[in-house]
Structure formats: structure tokens, C-alpha cells
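In: sequence first, then the predicted structure:
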Amino acid sequence: MFGKALTVSDMVITASINDGINIEMAQVAPVVVTCVMDGSVVKQVFADEGIEFISEGGLLGVEYKRGADITEICDRKAMAKQIRANEEENDEMKVLGKGS
């Protein structure tokens, strides 16, 4: 297994109060996370810098501290897809750079 850094900026979580009220909270700022990979599968995700979510209007918020395991709130398949896309883009840039 190995780790890959990924910048995430559009995560959303939902908090449930009394099993009847769901409050959606959006990520406050882009952060770098480390995705622990097993081949091309994301197994775990850690918030390197921490990550903060806040509801619309700022009434409710959740903060994960630096280094927190945030695997449970992540879309691991989407992250794996984003990592592959980043790698493909980097490969394309290397090819373009060699052609000059």
C-alpha cells in the first residue's frame, strides 16, 4: 500500500438530529488529504491538514482534526477516479514537455 496526496474542495456531509432532521454541511475550504491506496483502490483517507464543514447560515459545524481518518465520509470511488485523472494529466504534460 502507498499514499497519494489529493486536494479536495467539494465534500458535503449530512448530520441527522433526532433521526428526523437532516442538516447538510459543506466543506469550508480546499484541503489536502492522503489516500492510502491498494493498487488503484482507495482503502483509507486521512485529513492531513484537518477539514471543517459548516451548514448554510453557519448554525452547525463539524471539524475533523489534523490527521483524522475521514474514510467514512468520503466517496472513495470518486477519489480513485480523480487520482487516475490527475495521473493521466501529469503523463500528458510529461509527453508535451518532451516534444518541445
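Out: Thanks, I have the structure now.

In: CA atoms for contacts and neighbours, from now on please.
Out: OK.

In: list the contacts for Thr7?
Out: By C-alpha atoms under 8 Å, 6 or more residues apart in numbering, the contact set of Thr7 is Pro30, Val31, Val32, Val33.

In: so after the one helix or strand it maps to, what's the next helix or strand?
Out: Assessed by DSSP states H and E, Thr7 sits inside strand 2-8. Going down the chain from strand 2-8, the next helix or strand is strand 12-17, by DSSP H and E.

In: hmm, back to that, in its sheet, what does the strand holding Thr7 sit against?
Out: Applying DSSP bridges, strand 2-8 is found paired with strand 31-38 (antiparallel).

In: leaving out chain neighbours, which residue sits closest to Met1?
Out: Excluding its sequence neighbours, the residue lying closest to Met1 (C-alpha to C-alpha, 6 or more residues apart in numbering) is Asp38, at 4.9 Å.

In: look at the one you found and report its pLDDT.
Out: Asp38 carries a pLDDT score of 93 in this model.

In: count of residues packed around it?
Out: A count of neighbours around Asp38, defined by other C-alpha atoms under 10 Å, yields 12.

In: state the distance from it to Leu60.
Out: According to C-alpha to C-alpha, to the nearest Å, Asp38 and Leu60 sit 35 Å apart.

In: just the element for Lys43, please.
Out: Using DSSP H and E, Lys43 falls in strand 41-47.

In: list the contacts of the helix or strand that that strand is followed by.
Out: Proceeding N to C from strand 41-47, the next assigned helix or strand is strand 51-55, under DSSP H and E. For strand 51-55, contacts defined as C-alpha under 8 Å, 6+ apart pick out 12-13, 23-29, 31, 60-66.

In: could you do stretch 12-22 as well?
Out: Ile23, Glu24, Met25, Ala26, Gln27, Phe53, Ile73.

In: please flag which of these sit within strands.
Out: In this view, the contacts of stretch 12-22 that belong to strands under DSSP state E are Ile23, Glu24, Met25, Ala26, Gln27, Phe53.

In: report the two of these separated the most.
Out: Ile23 and Gln27 (13.3 Å; C-alpha to C-alpha).
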